[in-house]
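J.: Pasting the sequence and the predicted model now:
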Amino acid sequence: RRRAAVDRDARDRSEMLAALITSSSALAPRALRRRLPLAIRACATSADEGPSTLAEIPDFWGQNRILKAAFKASKLVKPNHKLGNPKKRATRYATDQIQAYHSTISVSLRDQLRHFDGVMRRLSPFERALAELTLASLERNGSPSLKQVLADADRMRRAVVRTGKEAIADAMAAESKRDAEKIREEGVLRVEQAFRGEAAALDALIATAQKLRRLPKVAADEPVIVLLGMPNVGKSSIVSATSTKDPEINDYPFTTRALKLGHVVDPSSTRFQLMDTPGVLLRAEGERNAMEGLTLAAVRHLPSAVVFVMDLSGTCGEQSAPELQLAVRDQLRAQFGRRPWIDVRSKADLPLADGLPAERVPDGALAVSVHEDAASVDALRCAMVDLVAAGVPSVDSLEGDLPGEDLVVKTVVDRDAAPSDWGSDWR
């Protein structure tokens with residue numbers, strides 16, 4: 001426990017010093033800079049090479065952590081005893097300490113927001129679509145938009161900077177040593193109050209970042225097979241039956257249904273992921289809801305193969321009637337014709353629906369019964385292994401979609417929300 005406490009203190013000190021150095025501080029920390037280890041200086045000045053996954057969206061510092069770093073930075077500032085005039089010495093000490101305090105806060109916020117934007121700009125198309133659906137859902141449920149969240153966070157940063165500059169101006173105008181010392185203490189308190197007064201903006205930013213960071217992830221180093229179909233046709237059961245181990249149960253903010261992500265490891269060392277998706281209805285592209293949007297985004301934006309699941313027994317409701325399922329199958333097959341594709345007829349232990357001729361079943365469709373025929377499940381698993389072995393691209397082997405299919409991705413971060421004084425890095 002003592003070692004952990006020492007490590008925590010060392011990490012906080014390094015982070016605080018790094019934030020202090022990166023600020024355009026008037027306290028001219030040249031002596032501090034010379035005393036710092038090269039590793040800390042490199043950390044403070046390195047360019048933002050933002051990661052490209054939602055999992056690495058920055059974990060924004062909370063109020064107390066930021067204020068703790070600012071307090072430590074201000075305490076590193078010492079009076080300059082080379083100044084013989086007591087008033088000048090007290091004035092310089094006051095301005096430098098206030099500057100260190102408010103700069104640490106504002107620089108911490110600025111750098112984390114830039115990092116956040118860097119991550120969002122470098123997301124893969126699928127994760128960008130997933131983030132967009134999540135943000136739209138949060139906004140529909142009463143949360144502020146991402147544009148508003150970023151604008152509020154920048155307003156908080158500006159309030160801290162403005163209050164700090166006002167306090168520094170007051171310190172420079174001090175008429176005596178005692179006045180300078182009083183203004184120094186009051187100035188730090190004013191900056192803290194300005195920061196806490198806008199704390200709701202930081203809380204909203206942290207909540208939004210956490211929602212995005214916790215979204216389910218698709219492994220970038222394994223091929224993906226996406227299960228498509230209308231609602232209630234048995235996609236989830238197939239994922240459970242064919243996965244080598246228990247599938248992950250994924251929750252999405254924009255749907256109450258939990259979706260499964262399975263993993264298959266064949267004895268030949270072939271590995272791939274099985275993605276359960278929300279059902280797709282027979283309707284135009286522009287009429288689809290968020291759940292259908294996720295399904296099509298998985299196929300469109302992930303280099304993937306498709307297993308289209310149909311229950312043609314007529315037992316899954318009017319919404320998923322057999323003729324509608326076949327129409328959806330033809331619609332998606334035409335849309336994603338370049339994808340490796342397997343047709344599966346689930347619940348094959350049941351007869352075809354009344355009035356549905358056998359000729360309507362797509363040629364080559366695999367008949368699978370999860371509960372009644374283990375051999376059919378094994379046959380499907382073997383067919384998927386063969387599909388992957390034939391060359392299903394891994395998630396990170398291609399950018400965007402496969403050739404010949406339109407790739408349309410809306411921008412998640414509204415660049416108009418970017419503060420104008422953040423420079424070209426934000427843009």
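T.: Looks like it arrived, so ask away.

J.: Now do the residue nearest the centre of the chain against Pro357, distance only.
T.: In the chain, the centroid-proximal residue (CA atoms, centre = their mean) is Leu54; its distance is 2.7 Å. Computed as CB to CB, to the nearest Å, the Leu54 to Pro357 distance reads 46 Å. For every residue, glycine as well, the C-beta is placed using N, CA and C.

J.: Correct me if wrong: the residue nearest to the centre of the chain contacts Leu212.
T.: Yes: counting by CB atoms under 8 Å, Leu54 touches Leu212, with 5.3 Å between them.

J.: so what's in contact with these two at the same time?
T.: Both Leu54 and Leu212 are contacted by Ala131, under the criterion CB atoms under 8 Å, 6 or more residues apart in numbering.

J.: residue boundaries of the strands in this structure?
T.: Per DSSP state E, the chain carries strands over the ranges 224-228, 248-252, 255-265, 271-275, 304-310, 341-345, 366-367.

J.: Go through these and name the closest to Glu175.
T.: strand 248-252 (62.0 Å; CB to CB).

J.: What does the pLDDT read for Ala321?
T.: Per-residue confidence (pLDDT) for Ala321: 94.

J.: ditto for Ala174
T.: At Ala174, the pLDDT value in this model is 91.

J.: tally of neighbours for it?
T.: Using other CB atoms under 10 Å, Ala174 has 20 neighbouring residues.

J.: where does it sit relative to Glu181, distance-wise?
T.: 9 Å.

J.: joint contacts of those two?
T.: Counting by CB under 8 Å, 6+ apart, the contacts common to Ala174 and Glu181 are Ala90, Ala94.

J.: re earlier: could you dump the strands of the chain to a markdown table with distance to Ala151?
T.: A markdown table is the format used below for the strands of the chain (distance: least, CB to CB, whole Å):
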| stretch | distance to Ala151 |
| --- | --- |
| strand 224-228 | 36 |
| strand 248-252 | 26 |
| strand 255-265 | 29 |
| strand 271-275 | 35 |
| strand 304-310 | 37 |
| strand 341-345 | 45 |
| strand 366-367 | 52 |
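
J.: Which one, of those, ends up nearest to Ala70?
T.: Ranking the strands of the chain by proximity to Ala70 (CB to CB) places strand 248-252 first, at 36.7 Å.

J.: give me the low-pLDDT residue ranges for the stretch 151-300 of the chain?
T.: Low-confidence segments of the stretch 151-300 of the chain, defined by pLDDT under 70: 220, 249-259.

J.: With the stretch 1-150 of the chain instead?
T.: Filtered on pLDDT under 70, the stretch 1-150 of the chain yields the residue ranges 1-52.

J.: mind redoing it with 50?
T.: Applying pLDDT under 50 to the stretch 1-150 of the chain flags the ranges 20-48, 50-51.
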